[in-house]
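Student: Below is the sequence, then the predicted model.
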Amino acid sequence: MTSKEKDMPQTTQVSAKQKRQAVTDKKRLNLELAPAAYELLQRLADDSGKSLADVLRTGLALYGIAQDAKQEGRGIGVIEGDAVVKEILLT
């Protein structure tokens, strides 16, 4: 568990006012992607049943986890049983 996770409350109740404010606090982003990157994004969205924005949000969250792990001297990877089958390296 990272220090950020330790600071987060286990359960959070959000009021209707907070929900409305969260919607208005969102930032819009205009993004240019190479065709191959867009095709990958579209495939991931189609395969998962999520929107393009949701796939990008999930990817950003995973990148944050990877960055935190790197700063803590750890790594992340894909594990099958007891073996690491893929290691994800950040440069």
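Tutor: Ah, there it is. Residues are numbered from 1 along each chain as shown.
Student: When you work out contacts or count neighbours from here on, use the C-alpha atoms and nothing else.
Tutor: Will do.
Student: just the helices in the protein please.
Tutor: 3-7, 16-24, 35-48, 52-71 (DSSP state H).
Student: of all these, which lies closest to residue 89?
Tutor: helix 52-71 (8.4 Å; C-alpha to C-alpha).
Student: hmm, back to that, least reliable of the helices of the chain by average pLDDT, please.
Tutor: Among the helices of the chain, helix 3-7 carries the lowest mean pLDDT, a mean of 53.
Student: okay, now residue 66: neighbour count?
Tutor: 19 (other C-alpha atoms under 10 Å).
Student: Can you tell me, leaving aside adjacent residues, what's nearest to residue 76?
Tutor: residue 88 (5.6 Å; C-alpha to C-alpha, 6 or more residues apart in numbering).
Student: which ones are touching the one you found?
Tutor: 75-78 (C-alpha atoms under 8 Å, 6 or more residues apart in numbering).
Student: per-residue pLDDT, it?
Tutor: So residue 88 comes in at 90 (pLDDT).
Student: cool, residue 72 as well?
Tutor: Reading off the model, residue 72 has pLDDT 94.
Student: repeat for residue 26
Tutor: So residue 26 comes in at 85 (pLDDT).
Student: next one: the one 3 residues further on
Tutor: pLDDT, the model's per-residue confidence, is 90 for residue 29.
Student: Please report how far it lies from residue 56.
Tutor: Distance, residue 29 to residue 56, by C-alpha to C-alpha, to the nearest Å: 11 Å.
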